[in-house]
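Peer 1: Provided below for reference: sequence and predicted model.
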Amino acid sequence: MNLNLEQSLNQLKVLIVVGIMILVGQRIGYGIPVATAIPGMLMIIAIAMLSLIIKDLFPRVKFPAFAWASLTALILSMPFIPTSEWFLHYTNEVNFLGTTTPILAFAGISVGNKIQKLKELSWKVFIVAIAVFIGTFFGSAIISHIVLKLQGII
């Protein structure tokens, strides 16, 4: 077990900045007041920080930090857990789509830092990407069509 306090503090700073970005983004995009979303955002930041600490404490366990965060949130929101009511009440004030903007921005920065490696993959990666986009689109459309047909909506 090895916990680097300086690294954990830096991760907490980044999580706080991202949390502020999410709060501002959902205020602008969805009109959700910042004050009502702060408790939910603090819970999300705490869960994210806890998952990063667990990941650092057990480096031999091959379980990513986001999976620890998902597992923690799942446990806290289970109906038979006493925390579920207030946990769901406050985290429902944080819009899921409002969280995607900073995530996509960081993903773009991450890809931008690896542009030389992308160049080494050549044009073949373009064909794979197109095949994945087409497969995802048609797969989603087929599943949606089946579900809507079963429900009698179409």
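Peer 2: That came in fine, so what should we check first? Numbering: from 1, shown residues only.
Peer 1: For Ile38, give me its contacts.
Peer 2: Leu23 (C-beta atoms under 8 Å, 6 or more residues apart in numbering). Any C-beta I mention is one placed from the backbone N, CA and C, and that applies to glycine too.
Peer 1: in the protein, which spans are strands?
Peer 2: In the chain, no segments count as strands under DSSP state E.
Peer 1: so where is it shaky, pLDDT-wise?
Peer 2: 1 (pLDDT under 70).
Peer 1: quick one, domains of it?
Peer 2: According to the TED database, the chain comprises the domains 1-101, 109-153.
Peer 1: Can you give me the end-to-end span of the shortest one?
Peer 2: Using C-alpha to C-alpha, to the nearest Å, one end of domain 109-153 lies 41 Å from the other.
Peer 1: Go through the domains of the chain and pick out the most buried.
Peer 2: Per-stretch averages of neighbours, counted by mean count of other C-beta atoms under 10 Å, single out domain 1-101 among the domains of the chain, with a mean of 14.
Peer 1: can you give me the offset of that one from its chain's centre?
Peer 2: 9 Å (C-alpha atoms, centre = their mean, to the nearest Å).
Peer 1: What's the separation between Val70 and Phe63?
Peer 2: Careful, residue 70 is Ser and not Val. Look at Ser70 and Phe63: by C-beta to C-beta, to the nearest Å, they are 10 Å apart.
Peer 1: do Ile53 as well
Peer 2: Distance from Ile53 to Phe63, by C-beta to C-beta: 13 Å.
Peer 1: so what sits against both of the two?
Peer 2: Counting by C-beta under 8 Å, 6+ apart, nothing touches both Ile53 and Phe63.
Peer 1: outside of stretch 108-120, which residues touch it?
Peer 2: Contacts for stretch 108-120 (C-beta under 8 Å, 6+ apart): Val125.
Peer 1: for stretch 55-71, same thing?
Peer 2: Residues contacting stretch 55-71 (C-beta under 8 Å, 6+ apart): Met1, Asn2, Leu3, Asn4, Gln7, Ser8, Ile47, Ala48, Leu50, Ser51, Leu52, Ile54.
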